[in-house]
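S.K.: Predicted model and sequence below, questions to follow.
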Amino acid sequence: MASSLIAGTTTPVAQSADGVLVMLADMPTISTVHLNALVDAFAACDGQSVVVAAHRGVRGNPVVIPRLLFGDLLSLEGDVGARNIIRRSGLPIVEVEIGTAALHDVDTTEAVIAAGGSI
């Protein structure tokens, strides 16, 4: 996870952006409607907050990370995401209710099939 976050936030395109939307590949019920809601919330706070998808107050994914935290992400190593950096940042965290999609990931073959995928 750390290497993916670092690779994504150090690209020239990301470096010129106000933030990056981090999305996990195993969340098949995330839609463009959800992504647009997160981006709209990020724009509404002028890129000065972390925006996180949530369901009934439980934070999940995707997450929009502001450029202010890109430097901190460089210290990540291994199978670690940005959760602790976000928590320690002191930045406001804006939760966007997107329903169960924020928490639904598929980690097994059975879960992929149950979500409508095929192997």
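M.R.: Looks like it arrived, so ask away.

S.K.: Doesn't Ala53 belong to a strand?
M.R.: Yes. The assignment for Ala53 is a strand, going by DSSP: H, G, I helix; E, B strand; the rest coil.

S.K.: what sits against the nearest residue to Pro92 once chain neighbours are set aside?
M.R.: Ranked by CB to CB, 6 or more residues apart in numbering and with sequence neighbours excluded, the top spatial neighbour of Pro92 is Ser49, at 4.2 Å. From N, CA and C alone the C-beta is placed, and that goes for glycine too. In this structure, Ser49 makes contact with 42, 66, 91-94, judged by CB atoms under 8 Å, 6 or more residues apart in numbering.

S.K.: please redo it, this time with the cut-off set to 6 Å
M.R.: Neighbour list for Ser49: 91-92, 94 [criterion: CB atoms under 6 Å, 6 or more residues apart in numbering].
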